[in-house]
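>>> this is the structure alone, sequence omitted:
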């Protein structure tokens with residue numbers, strides 16, 4: 001380890017400050033462009049020891065757990081609470097532009113890349129907590145970045161009040177399980193909290209099951225508790241509303257992190273497909289887009305997860321006022337929709353996992369579908385997929401960055417392509 005003083009030139013892809021010297025870039029967490037800082041350096045990473053100057057864009061972080069001096073350690077959930085809103089929004093937009101340019105894509109005029117749709121505190125409806133036994137008691141919270149150390153969480157300004165206010169109740173459920181290490185996925189639904197205990201080694205014995213069940217019965221506002229995907233107790237069916245269609249979410253099902261970002265993305269998708277009469281929704285999940293698009297167009301939704309397919313199908317059958325919404329269980333990584341399969345559709349919406357949709361995009365590129373709406377939480381795989389589509393004759397006509405993951409380096413995007 002060595003000590004040196006550096007001046008931060010820019011923000012890196014993960015939100016770290018980046019300085020440069022003869023040996024290359026030096027990454028300094030919690031530093032901002034224009035700041036001069038003394039650091040303790042190990043290889044190409046530096047830890048701030050003191051500031052010689054600070055940026056005018058530096059603001060007071062709103063959370064006690066943030067940063068190297070955070071209460072209980074540096075929570076790994078946020079990296080940019082110390083950056084003022086305008087440069088923060090610009091960072092998200094530029095991260096998306098940089099990823100797209102890395103593939104030499106023919107973008108619309110740069111000013112046509114929309115400003116970032118902002119996220120706000122208290123919107124996060126789905127979180128993943130780590131539970132670990134320490135000194136005879138269970139600690140519940142978020143991991144410190146790149147470690148197994150759990151920061152005991154007593155507040156979280158990004159998360160909805162409906163979850164934060166029940167942290168004590170969640171800890172009671174964790175204690176009742178008697179387990180030492182697991183993940184707790186918590187989703188706020190219309191009917192209460194959906195709590196999924198995942199990674200529980202060996203499952204739960206009968207006594208622990210009774211303890212969890214008795215605890216949930218005493219508590220209010222817990223819709224369901226499941227263990228490794230198995231429903232243990234379900235006082236209420238956990239439901240989300242997708243444009244007036246109510247979906248009972250399966251245990252551990254993927255949902256968008258915030259309702260506000262979900263609604264913004266769905267509204268854009270509906271606007272982008274225009275007057276399309278028949279739409280394919282690829283990687284449809286539990287129907288985030290399909291059930292909303294179904295208000296104005298017939299939709300065929302494809303998804304590989306059996307439970308998600310069943311949840312979407314049930315919601316489509318019971319919702320009123322929808323055009324025909326059909327569902328198909330299909331692994332689009334192994335068996336993508338072919339140009340022949342895609343012939344009946346005027347538009348396609350796809351929202352794949354972080355790995356992207358490379359195989360499906362190779363087939364889409366050969367299709368005659370007029371409009372494609374690409375939704376992604378990973379700008380790098382999105383850029384790769386868009387490069388495949390543009391090589392097949394599609395033009396990128398609209399790009400919108402969406403900040404669904406407040407104060408992190410992650411950015412969501414919705415892109416319209418036309419042929």
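Great, that's in hand. Keep in mind that this is a model prediction, so the values were computed, not measured.

>>> can you pull out the strands in the stretch 1-150 of the chain?
2-7, 10-11, 17-21, 24-28, 36-42, 45-53, 126-134, 137-143, 150-152 (DSSP state E, counting those that start in this stretch).

>>> can you name every helix or strand that the fifth one contacts?
With contacts taken as 3 or more C-beta pairs under 8 Å, 6 or more residues apart in numbering; DSSP states H and E, strand 36-42 sits against strand 2-7, strand 24-28, strand 45-53. Heads up, the C-betas are built off the backbone N, CA and C, glycines and all.

>>> out of these, the one nearest residue 312 is which?
Nearest of these to residue 312, taken as C-beta to C-beta: strand 24-28 at 42.0 Å.

>>> for that closest one, buried residues please.
26-28 (16 or more other C-beta atoms under 10 Å).

>>> now the angle from that strand to strand 45-53?
80 degrees (axes from the mean of the first three to the mean of the last three C-alpha atoms, to 10 degrees).

>>> now do the contacts for the residue lying closest to residue 78 once chain neighbours are set aside.
What sits nearest to residue 78 in space, not counting adjacent residues and going by C-beta to C-beta, 6 or more residues apart in numbering, is residue 407, at 4.0 Å. Taking C-beta atoms under 8 Å, 6 or more residues apart in numbering, we find residue 407 in contact with 78-81, 88, 158.

>>> quick check: which ranges of the stretch 101-250 of the chain have low pLDDT?
In the predicted model, the stretch 101-250 of the chain carries pLDDT under 70 at residues 109-111.

>>> report the longest helix in this structure, please.
As assigned by DSSP state H, the longest helix anywhere in the chain is helix 85-101.

>>> to the chain's geometric centre, what's the distance from that one?
Chain-centre distance of helix 85-101: 17 Å, with C-alpha atoms, centre = their mean, to the nearest Å.

>>> circling back to that earlier point, for the helices and strands packed on strand 36-42, which one sits closest to residue 358?
When the helices and strands packed on strand 36-42 are ranked by proximity to residue 358 (C-beta to C-beta), strand 24-28 comes first, at 29.1 Å.

>>> so what does the closest one touch, helix or strand wise?
strand 17-21, strand 36-42, strand 45-53.

>>> please identify the buried residues of the first one?
Of the residues in strand 17-21, those with enough neighbours to count as buried (16+ other C-beta under 10 Å) are 17-19.

>>> would JSON lines of those with distance to residue 353 and pLDDT be doable?
Below are those laid out as JSON lines (distance: C-beta to C-beta, whole Å; pLDDT from 0 to 100):
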{"residue": "17", "distance to residue 353": "30", "pLDDT": "97"}
{"residue": "18", "distance to residue 353": "29", "pLDDT": "98"}
{"residue": "19", "distance to residue 353": "34", "pLDDT": "97"}
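
>>> tabulate the residues you listed (TSV), appending distance to residue 417.
Below are the buried residues of strand 17-21 laid out as TSV (distance: C-beta to C-beta, whole Å):
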residue	distance to residue 417
17	35
18	32
19	38
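
>>> verify the stated contact: residue 169 with residue 216.
No. In this structure residue 169 lies outside contact range of residue 216 using C-beta atoms under 8 Å: 9.1 Å.

>>> okay, and the beta partners of the closest residue to residue 273 other than its chain neighbours?
Leaving out its chain neighbours, the residue that sits closest to residue 273 by C-beta to C-beta, 6+ apart is residue 347, at 4.0 Å. On the basis of DSSP bridges, residue 347 is bridged to residue 279, residue 371.

>>> may I have the beta-bridge partners of the nearest residue to residue 128 once chain neighbours are set aside?
Nearest non-adjacent residue to residue 128, counting by C-beta to C-beta, 6+ apart: residue 185, 5.2 Å away. With DSSP bridges as the criterion, residue 185 is bridged to residue 128, residue 196.

>>> hmm, residue 185 is touching residue 125, no?
No. Taking C-beta under 8 Å as the definition, residue 185 is not a contact partner of residue 125, at 11.7 Å.

>>> turn the strands of the stretch 1-150 of the chain into CSV, columns for distance to residue 63.
Shown next, in CSV, are these (distance: least, C-beta to C-beta, whole Å):
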stretch, distance to residue 63
strand 2-7, 26
strand 10-11, 19
strand 17-21, 19
strand 24-28, 20
strand 36-42, 22
strand 45-53, 18
strand 126-134, 14
strand 137-143, 11
strand 150-152, 10
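
>>> please report phi then psi for residue 218.
phi -70, psi -30 (degrees, to the nearest 10).

>>> that one and residue 176, how far apart?
In this structure, residue 218 and residue 176 are 10 Å apart, going by C-beta to C-beta, to the nearest Å.

>>> over to residue 346?
52 Å.

>>> these two: which is more packed in?
residue 176 (20 against 17; other C-beta atoms under 10 Å).

>>> and that one, what does it touch?
So residue 176 contacts 208, 211-212, 214-215 (C-beta under 8 Å, 6+ apart).

>>> burial count for residue 286?
Other residues close to residue 286 by other C-beta under 10 Å number 26.

>>> A helix includes it, no?
No. Assigned with DSSP: H, G, I helix; E, B strand; the rest coil, residue 286 falls outside any helix and is coil.

>>> wait, isn't it in contact with residue 308?
Yes. Judged on C-beta under 8 Å, residue 286 makes contact with residue 308 at a distance of 4.9 Å.

>>> list residues touching both of those two?
Common neighbours of residue 286 and residue 308 (C-beta under 8 Å, 6+ apart) are 250, 253-254.

>>> any idea which of those residues is closest to residue 50?
Among the shared contacts of residue 286 and residue 308, and counting by C-beta to C-beta, the member closest to residue 50 is residue 254, at 43.2 Å.

>>> from residue 353, how far off is that closest one?
Relative to residue 353, and taking C-beta to C-beta, residue 254 is found at 8 Å.

>>> ok, these two, which is more surrounded?
Comparing residue 254 with residue 353 by other C-beta under 10 Å, the one with more neighbours is residue 254, at 17 against 14.
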